[in-house]
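# only geometry, no sequence info:
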């Protein structure tokens, strides 16, 4: 009878054992069910640096008392646990990757035979639900006053930055010499300012009228070329009309991407200001905005891909998202 009872007990334990995956949480004890009838194996994402707890013993010291036996092969990601009694209960602390994790080890009728432990960022875990409010919170804030503020902060960075360091978090600037020449106007970017927190770029430079007559252009059609991408300008400050054969300052602000998200353009990119054709040169843009052309004009065939300057090939460099 005693042998039959042992067989029945072992069979019931074998049928009730579980194999599970659990998430490592440094703020909550992780429950592990043990049993004197079998060992429980824990697989960590990396080698544990140490295991501590009152009542933990090793195989060599199991005869000296204790509630739970623990073994850890050197350099491995595995801990092997074995309850030494039906009433074993130990709170164990494991040091892993500089963080402490607490385990609630207790004998239970349904023990864990193998547990794989994963971190919150491990692949395979269910994705967290992202609410519309969270998406909106990480998008750049668009406002005309903010655009003017970027321009002011860029112009007065040398004066304002020491006085108001909070306004310049994530700010960087560098000198440049990037030109774009259409034959009628030539733009040159001389200084690039980057406000990474707000995903904004401020470009300072000049515009040269290469014709013998004043030039007027529609600032809403101006763009910034960054490698093989074209970004619309959110704010443009430039004297218009530009006198004949004159050079005037120009400032532009671009922010975010065309879809309303972040563009994360690195300050190390080449930025070129592309101005639309002057008003005296009839274009489709003139007709779209209600201007009548002075003479007939031809509409060029659409190009498959815009030409990229020899100094700008491939995709633009992106900053990592904050």
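Right, received. Where do you want to start? No experiment lies behind these values; they were computed from the predicted model shown. Numbers count the residues shown, from 1 in each chain.
# Can you show me the strands along the stretch 101-250 of the chain?
Counting by DSSP state E, counting those that start in this stretch, the stretch 101-250 of the chain has strands at residues 112-118, 171-181, 185-195, 200-209, 223-226, 229-232, 235-238, 247-255.
# Okay, buried residues for the first one please.
Meaning strand 112-118. If you call a residue buried by 16 or more other CB atoms under 10 Å, then strand 112-118 has these buried ones: 112-113, 115-118. To be clear about C-beta, it is placed using only N, CA and C from the backbone, and glycine gets the same treatment.
# Then the third one?
Neighbour-count burial for strand 185-195, with 16+ other CB under 10 Å as criterion, is recorded at 185-189, 191-195.
# Turn those residues into a markdown table, including pLDDT and distance to residue 99.
Putting the buried residues of strand 185-195 into a markdown table (pLDDT from 0 to 100; distance: CB to CB, whole Å) gives the following:
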| residue | pLDDT | distance to residue 99 |
| --- | --- | --- |
| 185 | 91 | 59 |
| 186 | 93 | 58 |
| 187 | 95 | 53 |
| 188 | 96 | 52 |
| 189 | 96 | 47 |
| 191 | 97 | 44 |
| 192 | 97 | 40 |
| 193 | 97 | 39 |
| 194 | 96 | 34 |
| 195 | 94 | 34 |
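# between the residues you listed, which is closest to residue 48?
Ranking the buried residues of strand 185-195 by separation from residue 48, with CB to CB as the measure, puts residue 194 on top at 42.7 Å.
# what about residue 265, how many residues close to it?
Look at residue 265: counted by other CB atoms under 10 Å, it has 27 neighbours.
# Need the strands of the stretch 101-250 of the chain in TSV (columns: distance to residue 76).
Shown next, in TSV, are the strands of the stretch 101-250 of the chain (distance: least, CB to CB, whole Å):
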stretch	distance to residue 76
strand 112-118	14
strand 171-181	45
strand 185-195	47
strand 200-209	50
strand 223-226	49
strand 229-232	49
strand 235-238	59
strand 247-255	51
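# Any idea which of the ones you listed gets closest to residue 266?
Comparing the strands of the stretch 101-250 of the chain by their distance to residue 266 (CB to CB), the top pick is strand 185-195, with 7.8 Å.
# what angle sits between that closest one and strand 200-209?
160 degrees (axes from the mean of the first three to the mean of the last three CA atoms, to 10 degrees).
# how about the buried residues of strand 112-118 in TSV, adding pLDDT and distance to residue 24?
Shown next, in TSV, are these (pLDDT from 0 to 100; distance: CB to CB, whole Å):
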residue	pLDDT	distance to residue 24
112	91	15
113	90	19
115	92	11
116	92	11
117	92	5
118	90	7
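# Please give me every residue in contact with residue 238.
Counting by CB atoms under 8 Å, 6 or more residues apart in numbering, residue 238 makes contact with 207, 219, 248-251.
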